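J.: let me see the structure of the following:
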Amino acid sequence: MKTFQCTHCASLVFFDNSVCMQCGHALGFDPNTLGMLAIAPAQDSGAPASDAGTPPLWQLVPQPGEIIPATRYRQCRNQIDHQACNFLLDAGDPEAYCVSCRQTRTIPNLSVPGNLQHWTTIENAKRRLYYTLAKLGLEGRPVTPVYEFLEDVPGEDPVMTGHANGLITINIAEADDAERTRRRIALHEPYRTLLGHLRHEVGHFYWDQFFQNNEAELAAFRQMFGDEREDYGQALERHYQNPKPDWQTAYVSSYATSHPWEDWAETWAHYLHLIDLQETAAGYRMGFVLHGAQGQTQEQAIDPFDFIAQGPQAGMPQDITLLLNQSMGVSLVLNSLNRSLGQNDAYPFALSTPVLQKLEFVHNVVRRYVHGAH
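T.: Now for the predicted structure:
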């Protein structure tokens, strides 16, 4: 993710901040511009008056001597009620919730202790996912994913995280660090994060959008990932009974070997991981040195979205070898820093050539879809 600055005092602020710690102004994220804004209650400058039942209007904080901008905003209802969202809405938007929160169909019972914190944590991760999808051009379309965040209820079947027909379900237990770690160890996973779950499940949603009604794209998918018509239940059962020991040769994870749908979703999630990681490194103007048999190579992190924009026409495939090589370099630095602090690797994966080819396939499917070149 890119770095953000307070539009009033230019201090560094973060994506999930709702207040600038330097100047004290409220902050809001504008999903129209994908920027973080310093805001204040709107002054009497022609804006409609707010009655007791209408959420207050906000305006951009002007610089000294500047005319107050005419644009007015409202805060998301989840911010007003729960201090749980920093996305803004246009003042005239008929919706009460922001573009991210309105995608959530069901939330847990917030009167249960711990549920508010877990739900807020999940929504924070979903907004980060929203940002990346928006930068790729996938948000703002007629069909978007729908989410429900549910808790286990005694006496009822446990909530299963997954995707079905456009609905993504997340068990809010995944927002509990201790529980998520317990599950990761029990399933022998090297990596398990809440954001990773969201990225994986939304990959299933976009599989439907990219391939379900496009024979040419589906044929290309089957050539790269295999035939998804294989019985899914039997494939998962076979995987859990006898996982492939050599998965690293052609897959991003052991779970990816279970079925072509899971190979796609795992690869898709890693594509989003690397895009976000690379943009963050570029936002901080990260430079690093790679050491190899040929000596040292000086690298400067490039913005993946600048790289994408400078590529060939939308209908033509783009070679992203440079981007992937840089992402691997950034992850190497990241893992080395983690080890210096006594932590495990933040990105514990070594990607083989077939996986890199799959990542490039994901990238170019997105380009064709976004630009209508299917």
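J.: please name every helix or strand in contact with the helix or strand where H163 lies.
T.: Counting by DSSP states H and E, the element that carries H163 is strand 162-164. If you count contacts as 3 or more C-beta pairs under 8 Å, 6 or more residues apart in numbering; DSSP states H and E, strand 162-164 packs onto strand 167-171, helix 194-211. Placement of C-beta: from N, CA and C, glycine included.
J.: relative to R128, which of the ones you listed is closest?
T.: Among the helices and strands packed on strand 162-164, the nearest to R128 by C-beta to C-beta is helix 194-211 (6.1 Å).
J.: which elements pack onto the helix or strand following the closest one?
T.: From helix 194-211 onward toward the C-terminus, using DSSP H and E, the following helix or strand is helix 215-225. Secondary-structure packing of helix 215-225 (3+ C-beta pairs under 8 Å, 6+ apart): helix 194-211, helix 260-283, helix 353-370.
J.: and the next helix or strand after helix 215-225, what's buried?
T.: Downstream of helix 215-225, the first helix or strand assigned by DSSP H and E is helix 232-241. Neighbour counts over helix 232-241 (16 or more other C-beta atoms under 10 Å) mark 235, 238-239 as buried.
J.: CA atoms of helix 232-241 as PDB?
T.: This file holds the C-alpha atoms of helix 232-241, laid out as PDB (Å, rounded to 0.1, in the frame of the first residue of the first chain):
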ATOM      1  CA  TYR A 232     -14.100 -31.100  -5.400                       C
ATOM      2  CA  GLY A 233     -15.100 -33.000  -2.300                       C
ATOM      3  CA  GLN A 234     -13.100 -36.100  -3.400                       C
ATOM      4  CA  ALA A 235     -10.100 -33.900  -4.200                       C
ATOM      5  CA  LEU A 236     -10.100 -32.300  -0.800                       C
ATOM      6  CA  GLU A 237     -10.500 -35.700   1.000                       C
ATOM      7  CA  ARG A 238      -7.600 -37.100  -1.000                       C
ATOM      8  CA  HIS A 239      -5.500 -34.100  -0.200                       C
ATOM      9  CA  TYR A 240      -6.100 -34.300   3.600                       C
ATOM     10  CA  GLN A 241      -5.500 -38.100   3.600                       C
END
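J.: returning to what we had before: just the closest of the buried residues of helix 232-241 to T161, please.
T.: Distance to T161, by C-beta to C-beta, is smallest for H239 among the buried residues of helix 232-241, at 16.8 Å.
J.: surely F305 and E279 touch.
T.: Yes - between F305 and E279 there is a contact under C-beta atoms under 8 Å: 6.7 Å.
J.: ok, for R339, nearest residue in space, not its chain neighbours?
T.: D345 (7.2 Å; C-beta to C-beta, 6 or more residues apart in numbering).
J.: need the contact list for that neighbour.
T.: 335, 338-339 (C-beta atoms under 8 Å, 6 or more residues apart in numbering).
J.: which one (most neighbours) among those residues?
T.: Of all those, N335 has the most neighbours under the rule other C-beta atoms under 10 Å, reaching 17 neighbours.
J.: SS state for that residue?
T.: Judged by DSSP: H, G, I helix; E, B strand; the rest coil, the three-state class of N335 is helix.
J.: the nearest residue to I39 once chain neighbours are set aside: neighbouring residues, count only.
T.: Leaving out its chain neighbours, the residue that sits closest to I39 by C-beta to C-beta, 6+ apart is W58, at 4.3 Å. A count of nearby residues for W58, using other C-beta under 10 Å, gives 22.
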